[in-house]
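Q: I would like the atomic coordinates for the input below:
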Amino acid sequence: MSKQILYSVFLICFFLKTSDLVAQESEADTSIQNQRALTWQQLGEYYFTKSKKDSAIQYLNQAIESYEQLGEASRKANAQYTLALIYLNADDYARALSLAQLSYEYYRQSEEVANQASVASLLCDIYKYLGRNDLAIEYCIEALRLWDELPHDTERVYVLNSIGTIYFNLNTYDKALNYFEEALALARKNKEAQGIATSLSNMGDVALKTGDSEKALAYFYQAFRLDSARQDQWGLSYSNYNMGKVYFGLGRGDKAEEYLNKALLLAQSKENYALQAKILTEIGNLRSSEENYIEAIRYYKNSLTIASRLNAIHLLKNIYQQLAKFYDRLGDSDNSLVYFKLYMLQSEKLYEQENARKISETEALYNLEKKEKEIELLKKENEIQELRANEQELTNIGLLSGLLMVIVLVFVLYFAYRVKIKTNSILKQQKEAISMQKEEIASQHDDIALKNKVLTEQNKLITDSIKYAQRIQQSLLPDTRSFKEVLPASFIFFKPKDIVSGDFYWFSEQDGKIILAVIDCTGHGVPGAFMTVLANSLLDQIVNESHITAPDMILSLLDHKIQHHLHQQDSDVVETDGLDIALVVFNKRSMVLSYAGAKIPLYHSHREQIQVVPPNRFSVGARSKSEREFHSHHIKMRPGDFFYLATDGFQDQFGGSQEKKFMKTKFRQLLQHILPMGVEDQYGELGKSFYHWKGNQAQTDDVLVIGVKIN
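A: Sure, this is the predicted structure:
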């Protein structure tokens, strides 16, 4: 008995010793792998400082892969941050964003404040270059908040400059300058040359935008001297570019070209594609001013190629705008409108249908796989229960048999013991399989969540693009202050159905005459908004450039030009409905109101009663085989009279207790009801009536009503 105990103790000691040796070897291997991964990371960072992007990316990816295998989450996050910085400098914003988000999430959960602040600053810059100013400012503020907890003045300089740049991109120059000046003061306090140069360069941009070219040149030259002293090739490329812009604005084409060419060579050597696109656009502007149009278009197109490859929204926006202006200057309105269309016509089908389809398909696939896994788990659990039942049955048989004979008892217990070992082995395998399947389900859930996050981000980008189109459309509308100065007793009730509208109004003043139009373009949303750009441009040409003020003549010319631009004369072109319009010309000297309309009537007061002047029964710009003739109506107005112009959106709105349209008769009765009120009260009563009628119904169409009192 004692020999068996000693033998067992020996086996146990041998096993423990062997395990200890294996553990030591494993620790040694882990240490070697850690050192190798750290070396790769250091090589990647070294090549990054030497501007050898490809080598840096290769070594950092190897380091990240090793850290992943070793479970070194902190070092992996650090390497991901460095790699994201490399991709940002290479203008690969998508990869930079993906890596930075992974790094940020780790540091946020681990509460490593300094590292979290660094990655937040990086995310601010990435979103800034992507044109997502809302997210950029969010991460910048987060970075500042975190830096406030730490003594890191140097990093604050760059965050302050980033916030200032965001406000600069939003044309909020006063606020931008405040941040740049704060950054400059902090950089000078710390004697940090790069921060000083960056802040001065940004302040020069503000001065240039606000029309102070001399001050801008002074700021840029100071930044240029600092960059030259430090041999900062990256900074010098921007300094040369900025000085080239200033000299171009001052009419010094020779100096501008000299600096822009130097900037282009430096940007190409540093593979700074975003700056290359900006420089090429500026050289295109220079060639255009020299009337060298062939060269100008070549530079514009080269810039567009780079910006398209980068998918940089802010660069594309600027280039499309320059091309539209360039073609408009050449009198090529077709190409000019194409570049407006490139910005405004984002893929509504992708936004409204494709993304929704992908989300629903992904969710359906996930739900199906989840149910299949749940069924499989139930089957495995049933098998385990059956095995356990068998084990219990065998044990019971052994106990009963033991009462009969000792030999049978020993045999049965031995057999039961072997079965138990085998059963436990099977149970262990089953449990491991179940655990793996649960992990797989969790992994699939995370994958679905990531895909949904990406789709949501894409939806936000598209929505923001359409919102920027809204800003462009709003910029085309008459300035409210100017409108009120000329027509002080007036109101504009304007409620677009979507972010952008197919309804708009146009206003001008020529030789003592006020010209006002209300236009309802085909459809609503982005397609309707594009028609508003065309109509606005053509009305400017007819009235403001050609000085035509007869309403019937304006509509006739507008009809002809829209048919021409939309190629309505071509038999193979899909027919469009054109646009509906009501246009009035009020002669302030004679007090005569002249009106011509296409499907939109004029409402005016006559002896305290609302009268309706009917329009022509055809649209402007629609295809027609016969010549159309627009008619003018002339009405003598008196001080205190009102007139109203309205698209059909109010009248077509569904609502009320029976969910019917508001209709023309009820709209005329509403105007009669508000006629005795002041203009502000009229506006309020219109809004109250519209929303009361609409109730919980969706808005049917764009709504536009303008009321004017004659003084």
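Q: Just give the closest residue to Lys709, not the sequence neighbours.
A: In space, and not counting its chain neighbours, Lys709 is closest to Ala489: 3.7 Å by CB to CB, 6 or more residues apart in numbering. Using the backbone N, CA and C atoms, a C-beta is placed for each residue, glycine as well.
Q: Tell me who's in contact with the one you found.
A: Contact partners of Ala489, counting by CB atoms under 8 Å, 6 or more residues apart in numbering, are 679, 708-711.
Q: What's the ChimeraX line that selects buried ones from the residues you listed?
A: Selection of buried members from the contacts of Ala489 for ChimeraX, criterion 16 or more other CB atoms under 10 Å:
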select :679,708,709,710
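Q: As TSV, the contacts of Ala489 with pLDDT and distance to Gln222 would be great.
A: TSV is the format used below for the contacts of Ala489 (pLDDT from 0 to 100; distance: CB to CB, whole Å):
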residue	pLDDT	distance to Gln222
Val679	94	54
Val708	97	54
Lys709	96	56
Ile710	94	58
Asn711	87	55
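Q: Which of the contacts of Ala489 fall within strands?
A: Counted as lying in strands by DSSP state E, out of these, are 708-709.
Q: what's the closest of the contacts of Ala489 to Thr154?
A: Of all the contacts of Ala489, Val679 has the smallest distance to Thr154: 57.2 Å, by CB to CB.
Q: what about the closest residue to that closest one other than its chain neighbours, how many neighbours?
A: Among residues not flanking Val679 along the chain, Phe491 sits closest, at 4.8 Å (CB to CB, 6+ apart). Number of residues near Phe491 (other CB atoms under 10 Å) recorded here: 21.
Q: Just to be sure, Phe491 is in a helix?
A: No: Phe491 is assigned strand when assessed by DSSP: H, G, I helix; E, B strand; the rest coil, not a helix.
Q: was I right about it contacting Gly687?
A: No: between Phe491 and Gly687 there is no contact under CB atoms under 8 Å: 10.0 Å.
Q: coming back round to it: for the residue nearest to Lys709, give me the backbone phi and psi.
A: Phi and psi for Ala489, reported as degrees, to the nearest 10, are phi -90, psi 80.
Q: For it, give its distance to Ser594.
A: 20 Å (CB to CB, to the nearest Å).
Q: Need the pLDDT of His604.
A: Note for His604: predicted pLDDT of 97.
Q: residues contacting it?
A: For His604, the contact set (CB under 8 Å, 6+ apart) comprises 593, 610-611, 613, 635, 637, 641-644.
Q: Using the three-state scheme, assign it.
A: Look at His604: counting by three-state DSSP, its state is strand.
Q: Report the beta-bridge partner residues of it.
A: Gln611, Phe643 (DSSP bridges).
Q: Number the residues from 378 up from this point.
A: Sure, I'll start counting at 378 from here, so that last one is His981.
Q: ok so His926 is a strand residue?
A: Residue 926: Thr, not His. No: remark: Thr926 does not belong to a strand; assigned using three-state DSSP, it is coil.
Q: Pull the number of nearby residues for it.
A: 19.
Q: again with Phe1039
A: For Phe1039, using other CB under 10 Å, the count is 22.
Q: re the thing from before, any idea what the residue nearest to Val1056 is bridged to?
A: Under the criterion DSSP bridges, Phe868 forms beta bridges with Gly1084.
Q: what's it in contact with, if anything?
A: Neighbouring residues of Phe868 by CB under 8 Å, 6+ apart: 1056-1057, 1059-1060, 1063, 1083-1084.
Q: Just the buried residues of these.
A: 1056, 1059-1060, 1063, 1083-1084.
Q: Can you tell me which of those lies closest to Ala959?
A: Ile1083 (9.3 Å).
Q: Let me know the pLDDT of the closest one.
A: 97.
Q: what about the residue nearest to it when sequence neighbours are not counted, how many neighbours?
A: Excluding the flanking residues, the one nearest Ile1083 by CB to CB, 6+ apart is Leu1022, at 4.9 Å. Residues lying near Leu1022 (other CB under 10 Å) number 25.
Q: Where does Leu1022 fall, secondary structure wise?
A: In the assignment (DSSP states H and E), Leu1022 maps to strand 1019-1023.
Q: tilt between that strand and strand 979-983?
A: Interaxial angle of strand 1019-1023 relative to strand 979-983 (axes from the mean of the first three to the mean of the last three CA atoms, to 10 degrees): 160 degrees.
Q: Show me the contact partners of strand 1019-1023.
A: For strand 1019-1023, contacts defined as CB under 8 Å, 6+ apart pick out 882, 893-895, 959, 961, 970, 977, 979-982, 1014, 1044, 1048, 1052, 1081-1087.
Q: Please apply the same query to stretch 532-551.
A: Applying CB under 8 Å, 6+ apart, the set of residues contacting stretch 532-551 is 494-495, 498, 501-502, 505, 510, 513-514, 517-518, 520-521, 524, 552-557, 559-560, 563-564, 567, 569, 572, 575-576, 579, 582-583, 586-587, 691.
Q: Can you list the buried residues in that stretch?
A: Quick answer for stretch 532-551 (16+ other CB under 10 Å): 532-545, 550.
Q: next one: stretch 674-681
A: 674, 676-677, 679-681.
Q: Same question for stretch 615-633.
A: Residues of stretch 615-633 classed as buried under the neighbour-count rule (16+ other CB under 10 Å) are 615-625, 633.
Q: From the chain's centroid, how far away is it?
A: The chain centroid and the centroid of stretch 615-633 are separated by 31 Å under CA atoms, centre = their mean, to the nearest Å.
Q: just stretch 498-518 next, same as before
A: Worked out by CA atoms, centre = their mean, stretch 498-518 lies 11 Å from the chain centre.
Q: got it, and stretch 555-568?
A: Relative to the centre of its chain, stretch 555-568 is centred 30 Å away, using CA atoms, centre = their mean.
Q: Same check on stretch 604-621?
A: Between the centre of stretch 604-621 and the centre of its chain there are 31 Å (CA atoms, centre = their mean).
Q: What lies in contact with stretch 450-457?
A: Stretch 450-457 has contacts (CB under 8 Å, 6+ apart) with 414-415, 418, 421, 437, 440-441, 444-445, 476-477, 479-480, 483-484, 487, 489, 492.
Q: What's the PyMOL line that selects buried ones from these?
A: Applying 16+ other CB under 10 Å to the contacts of stretch 450-457 leaves a buried subset, and the PyMOL line that selects it is:
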select buried, resi 414+415+418+421+437+440+441+444+476+477+479+480+483+484+489+492
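Q: Need the phi and psi values for Phe1031.
A: In terms of degrees, to the nearest 10, the main-chain angles of Phe1031 are phi -80, psi 140.
Q: What's the separation between the residue nearest to Lys1086 and Gln1049?
A: Distance from Ala866 to Gln1049, by CB to CB: 19 Å.
Q: got the contacts of Ala866 as JSON lines, with distance to Gln457 columns?
A: JSON lines is the format used below for the contacts of Ala866 (distance: CB to CB, whole Å):
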{"residue": "Val1056", "distance to Gln457": "60"}
{"residue": "Val1085", "distance to Gln457": "61"}
{"residue": "Lys1086", "distance to Gln457": "65"}
{"residue": "Ile1087", "distance to Gln457": "68"}
{"residue": "Asn1088", "distance to Gln457": "67"}
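Q: picking up where we left off before, from the contacts of stretch 450-457, which ones fall inside helices?
A: Residues of these located in helices (DSSP state H): 414-415, 418, 421, 437, 440-441, 444-445, 476-477, 479-480, 483-484, 487, 492.
Q: would you list every one of the strands in the protein?
A: For the chain, applying DSSP E gives strands covering 867-872, 880-887, 890-898, 956-964, 969-975, 979-983, 986-990, 1010-1013, 1019-1023, 1031-1032, 1037-1038, 1080-1086.
Q: In a markdown table, list the ones you listed along with distance to Asn712.
A: Below are the strands of the chain laid out as a markdown table (distance: least, CB to CB, whole Å):
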| stretch | distance to Asn712 |
| --- | --- |
| strand 867-872 | 31 |
| strand 880-887 | 23 |
| strand 890-898 | 21 |
| strand 956-964 | 22 |
| strand 969-975 | 28 |
| strand 979-983 | 37 |
| strand 986-990 | 39 |
| strand 1010-1013 | 38 |
| strand 1019-1023 | 33 |
| strand 1031-1032 | 41 |
| strand 1037-1038 | 41 |
| strand 1080-1086 | 30 |
